[in-house]
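Student: Just need the structure, nothing else, for what follows:
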Amino acid sequence: MAQMMYRDAVLTTIAEEMERDSSVVVLGEDVVGGMGTPGGPEAIGGIWSTSTGLFDKFGKDRVIDTPISESAIIGAAAGLALAGKRPIAELMFADFIGVSLDQIWNQTAKFRYMFGGKTKCPVVIRMAYGAGYNAAAQHSQSVHQILTGMPGLKVVMPSTPADVKGLLRQAIRDDDPVIFLEHKALYGMSGEVPEGADQIIPFGHARLARAGEDVTIISSGLLLGFCEAVADKLAAEGIGCDVIDLRTTSPLDEEAIIDSVEVTGRVVVVDEAPPRCGLAADICALIAARAFASLKAPPQAVTPPHTPIPFARELESAYLPSVDKIEAAVRHVLGWR
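Tutor: This next block holds a predicted model:
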């Protein structure tokens, strides 16, 4: 196993897939780097440094700087996919999907269905999401609950560098449109990644990050690490937690969730999106419908409040789920009689 940063896992996987398949192309704002200047020492490849060096290696026909227009980026990517390419489109911030929802929701997600399966749309739309950088209400949001609710899209939320490699490779090779969500606070995270293997992680298969028989904790992305920290702390007290990393929200690994809850009887769902009509509420409803007889306590959800994300550091910290809030929810369900 090699140590690799989350952002480097994104970059190396894209480079490997571009080397393997000449139909893979990259497009987005400043993906060339250096504010539109190809090459050069300042050509970092976007603000997240996830396309550094791609232009120098693959050239202007496969690494395309676009205007500052998310609707144009997604529209062009969808057209390229219909024409036989495998585009990887980057939106700097997931918050910007608003201006490209028609291209995502009414076009990209529905092409296969509208044309009776006679065409495919193998596009990957990468987005940086999440709070924690005091970037305020328009650059900090988690939008996966919106995208998960759109039939025709696959939605991926990797939590580790290893999962980035396996899930992004699957996304690029998939014949359906894939939303690939990368939490901004994870880009600098380092973790073990298998060396020398053509690792692919199929969609719809959750990862059991911790094993235990007392309570099930379900999450993804950045908050998965918070849940692991709670599980490790409680393990020292003899309390065992199943920690389920969803990996993908569409398709959702319902069986992994239900199988765990049928053993533990207690569940806490942790999500960074707002609570109303959100992923946490959806999973709690799923559990109530399919595993009600196994429940020993009402399912608990740990989410932000139903408000825009505040700018002030102290308020943002209060807004977000935390290790303490997750632990309190776990202890609450454990104390239920």
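Student: pretty sure V268 is in contact with F226, am I right?
Tutor: No: in this structure, V268 sits apart from F226 without contact. The criterion is CB atoms under 8 Å, and the distance is 11.3 Å. For the C-beta atoms, the positions are set from N, CA and C on the backbone; glycine is no exception.
Student: Where do the helices of the protein begin and end?
Tutor: Under the criterion DSSP state H, helices of the chain are mapped to 6-20, 54-58, 70-82, 101, 111-114, 144-148, 161-173, 222-235, 254-264, 279-290, 313-319, 323-334.
Student: Show me the contact partners of the fifth one.
Tutor: Right, helix 111-114. 78, 82, 119-121, 152, 176 (CB atoms under 8 Å, 6 or more residues apart in numbering).
Student: let's see 7 Å
Tutor: With CB atoms under 7 Å, 6 or more residues apart in numbering as the contact definition, helix 111-114 has outside contacts at 82, 119-121, 152, 176.
Student: Report the lowest-confidence entry in those.
Tutor: Lowest pLDDT within the contacts of helix 111-114 is found at T119 (91).
Student: I'd say E262 and K296 touch.
Tutor: No: taking contacts as CB atoms under 7 Å, E262 lies outside contact range of K296: 11.2 Å.
Student: Can you give me the domain assignment for the protein?
Tutor: Structural domains of the chain, as assigned by automatic domain parsing, span the residue ranges 2-193, 207-334.
Student: so for stretch 205-218, what's the average pLDDT?
Tutor: The average pLDDT within stretch 205-218 is 98.
Student: what do you get for stretch 62-77?
Tutor: Throughout stretch 62-77, pLDDT has a mean value of 96.
Student: swap in stretch 302-317?
Tutor: Per-region confidence: stretch 302-317 scores 95 on mean pLDDT.
Student: Repeat that for stretch 280-296.
Tutor: The predicted model assigns stretch 280-296 a mean pLDDT of 97.
Student: Just the C-alpha atoms of that stretch, please, in CSV.
Tutor: Taking Å, rounded to 0.1, in the frame of the first residue of the first chain, the C-alpha atoms of stretch 280-296 are listed here in CSV:
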residue,chain,number,x,y,z
ALA,A,280,-30.7,11.4,6.5
ALA,A,281,-34.5,11.6,6.6
ASP,A,282,-34.7,9.3,3.6
ILE,A,283,-32.5,6.7,5.2
CYS,A,284,-34.4,6.9,8.5
ALA,A,285,-37.7,6.4,6.6
LEU,A,286,-36.2,3.4,4.8
ILE,A,287,-35.2,1.8,8.1
ALA,A,288,-38.6,2.5,9.6
ALA,A,289,-40.3,0.8,6.6
ARG,A,290,-38.0,-2.2,6.3
ALA,A,291,-36.6,-2.9,9.7
PHE,A,292,-39.2,-1.5,12.1
ALA,A,293,-39.5,-4.7,14.0
SER,A,294,-35.8,-4.8,14.8
LEU,A,295,-35.6,-1.2,16.2
LYS,A,296,-35.0,-0.8,19.9
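Student: Of all the residues in stretch 185-192, which ones are buried?
Tutor: Judged by neighbour count (16 or more other CB atoms under 10 Å), stretch 185-192 contains these buried residues: 185-187, 189, 191.
Student: That one - what's its average pLDDT?
Tutor: So the average pLDDT for stretch 185-192 ends up being 94.
Student: roughly how far out does it sit from the chain middle?
Tutor: Going by CA atoms, centre = their mean, to the nearest Å, the spacing between the C-alpha centre of stretch 185-192 and its chain's C-alpha centre is 14 Å.
Student: and the end-to-end length of it?
Tutor: Using CA to CA, to the nearest Å, one end of stretch 185-192 lies 18 Å from the other.
Student: same check, this time on stretch 293-301
Tutor: Distance between the two ends of stretch 293-301: 19 Å, counting by CA to CA.
Student: Name the residues that touch that stretch?
Tutor: The contact list for stretch 293-301, computed with CB under 7 Å, 6+ apart, reads 261-262, 265-269, 275, 280-281, 284, 287-288, 329, 332-333, 336.
Student: do the same with stretch 175-183
Tutor: Contact partners of stretch 175-183, identified using CB under 7 Å, 6+ apart, comprise 10, 94, 108-109, 112, 120-130, 144, 147, 152-157, 168, 171, 221-222.
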